[in-house]
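Novice: Need coordinates for the following:
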Amino acid sequence: MNFLDDLFYPLRLLENKRILLLVSGSIAVYKSLELVRLLFKSGANIQVAMSEDAKKFVTPLSFEALSHNKVLHAQNEKWYYNHNNTLHHNHIACATNSDLLIFAPLSANSLAKIAYGIADNVVSATFLACNSPKILAPSMNTNMLLAKATQSNLKRLEEFGYIILETQNALLACDTKGNGAMAEVLEILFKATQTLLKDTYFENREVIVIGGASIEKIDSVRTISNLSSGIQASTLALALYFKGAKVTFISSCFPTPLPKEITSIQVSDTKSYENALNNTTTNLRPHSQKPLLFNLAAISDYVPKTTFNHKLKKSELGECLNIECIQNKDLLASIDAKKFVKIGFKAEDKEDKAIENAKNLLNSSQNHGKDCSMVALNLIKDNRPFGSLENELMLFTHHKTQNISSTNKLEASFKILDFIKDNAL
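Specialist: Here you go, the predicted structure:
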C-alpha cells in the first residue's frame, strides 16, 4: 500500500486551496520542492516566493516546474495592473490571494525578521502583508536554534498565534548531529491539511480510536490473532485529526503514516488494550462535548487459558496441539457509556443476521447490548477482504440509518464524521 497514492491523493482534499509557500536560504530548500509536489497532487494551487539566498540553493525554475506557477522573487516583482485590472506579480498580490501561508524552510535570519516585522526583502514583506493562517517550519544549526535570541523569537511568534512545527534531531549540513532539521514534508502536509479542513464541531474534542487486532500469547513465539489490518482505524484517526480533534490512537498496528500530534499507543493483547484505554481516560482534558470513543479493534473472543513463557517444542507436544481457551472480556461492553459517546464497529460475513447483530450494539447492557450511540456495519465480501483499501458501511443510530457505498477508507472516514456531526453525537 502506498498511502499517498492509494488513499490521500484521490480525495484531493486541498482542491482549489491557495497556498503561499515562502522559502528562505537554507539547505533544507530541497525538501520544499517535495512539499510543493505533495501539495500540488493534493489539489492545491501553490504560489512560491523565494529570497535571494534561497535561490543560491535551488533555482526558481525548479519550483515553477512543480507548482505550475511563476515564482515571486526580487528580480521579477511587478507593480502594474494586468489586463483584468488586478495588481500584478508582487508581495501584496501574492499575500492577498492565499488561504494559507507556509514558511519552509524558515532560517534563523528570516525568523528574527518576521518576529519583529522587518520587511526588507520580498519574502519578509510578503509574510508581513499576509493575513492568512501561518505555518512555520524552522531549519538551522543546533547552536543557532538554541541561542537565546532565537528561542525568544520563537516564543514571540508562538504568542502571535502562528503554528510552529518542531525541528528534528538529525545529521545537519554542518556534519554534526543535533536538533535543527526542518520537519518532514509529510508532517507539514498533514498540518496544512488540518489547518484548512478543521471543523468547529470536532476542534479540540477529545477522541479515542481503538484499532488493530489483539494478539493473545500462547507461548513465547505463538499467538492467537485475526486478520484485521487496522487500516480503517488508522484512516479514521487521521480524518479526526484533520477535523481538529485531539486524537489518541490505541492499536496493535499502524498501517498508515500519522502526524506526531496524534498520540499513538502500541498495544498487543487484551490486557494492554485495557490498560492503555484506562490510562488515556484518566488523562482526558475537559471539553464542552463528551469524548468520542471509536472501537474498531478486533479483540479475540477467546484467549488461551494457560500461556507459556518459553517455546513449546513440537517433539514434546506430539501430533496434536490442544489449546484450552476461555471466553475473553468484552472490551466495548466494559466501557462506561456515561463517560463517552461510544461508536462500535461490527464486521459480519453473513448478510441475513448482519443488520440485526449490528443494531444490537445500540441496546443497553441490560438488554444484552453495548450501550453504543452509533454502530458501523462492515460486510466482509470476496472483493473487499481484510486488508482491502476500500470499505462499504452501514451506519446506524437509534433513529437514523445511512449507507456508505464502496469507497476508499479515508473517504469513508470523512463520511462517518459527517454522519456523526449531522446526528449531533
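
Novice: quick one, what contacts residue 398?
Specialist: Taking C-beta atoms under 8 Å, 6 or more residues apart in numbering as the contact definition, residue 398 lies against 362, 373. (Glycine included, C-beta is placed from N, CA and C.)

Novice: can you name the farthest residue from the center of this structure?
Specialist: Largest separation from the mean C-alpha position in the chain: residue 318, at 48.6 Å (C-alpha atoms, centre = their mean).

Novice: What segments of the stretch 1-150 of the chain are helices?
Specialist: 3, 29-41, 60-67, 91-96, 108-115, 122-129, 142-146, 148-159 (DSSP state H, counting those that start in this stretch).

Novice: hey, least reliable of the ones you listed by pLDDT?
Specialist: Among the helices of the stretch 1-150 of the chain, helix 91-96 carries the lowest mean pLDDT, a mean of 90.

Novice: quick revisit: look at the residue farthest from the centre of the chain and report its pLDDT.
Specialist: So, for residue 318, pLDDT stands at 83.

Novice: again, but for residue 327
Specialist: pLDDT, residue 327: 96.

Novice: For residue 13, find the nearest of the helices of the stretch 1-150 of the chain.
Specialist: If you check each of these against residue 13 by C-beta to C-beta, helix 29-41 wins as the nearest, at 10.5 Å.

Novice: how far is that closest one from where the chain is centred?
Specialist: Taking the mean of its C-alpha atoms, helix 29-41 sits 18 Å from the chain's own mean (C-alpha atoms, centre = their mean, to the nearest Å).

Novice: Between helix 60-67 and it, find me the angle.
Specialist: 30 degrees (axes from the mean of the first three to the mean of the last three C-alpha atoms, to 10 degrees).

Novice: What are the buried residues along helix 29-41?
Specialist: 29, 31, 32, 33, 35, 36, 38, 39, 40, 41 (16 or more other C-beta atoms under 10 Å).

Novice: Kindly report the same for stretch 126-142.
Specialist: Those would be 126-127, 130, 132-142, for stretch 126-142 by 16+ other C-beta under 10 Å.

Novice: re the thing from before, can you add distance to residue 332 and give the helices of the stretch 1-150 of the chain back as a markdown table?
Specialist: Listed next are the helices of the stretch 1-150 of the chain as a markdown table, based on distance: least, C-beta to C-beta, whole Å:
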| stretch | distance to residue 332 |
| --- | --- |
| helix 3 | 28 |
| helix 29-41 | 37 |
| helix 60-67 | 46 |
| helix 91-96 | 50 |
| helix 108-115 | 48 |
| helix 122-129 | 49 |
| helix 142-146 | 46 |
| helix 148-159 | 40 |
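
Novice: closest to residue 272 out of those helices?
Specialist: Judging those by C-beta to C-beta, what sits closest to residue 272 is helix 3, at 25.6 Å.

Novice: Pretty sure residue 304 is one of the things residue 328 touches, is it not?
Specialist: No - using C-beta atoms under 8 Å as the test, residue 328 is too far from residue 304 to be in contact (10.1 Å).
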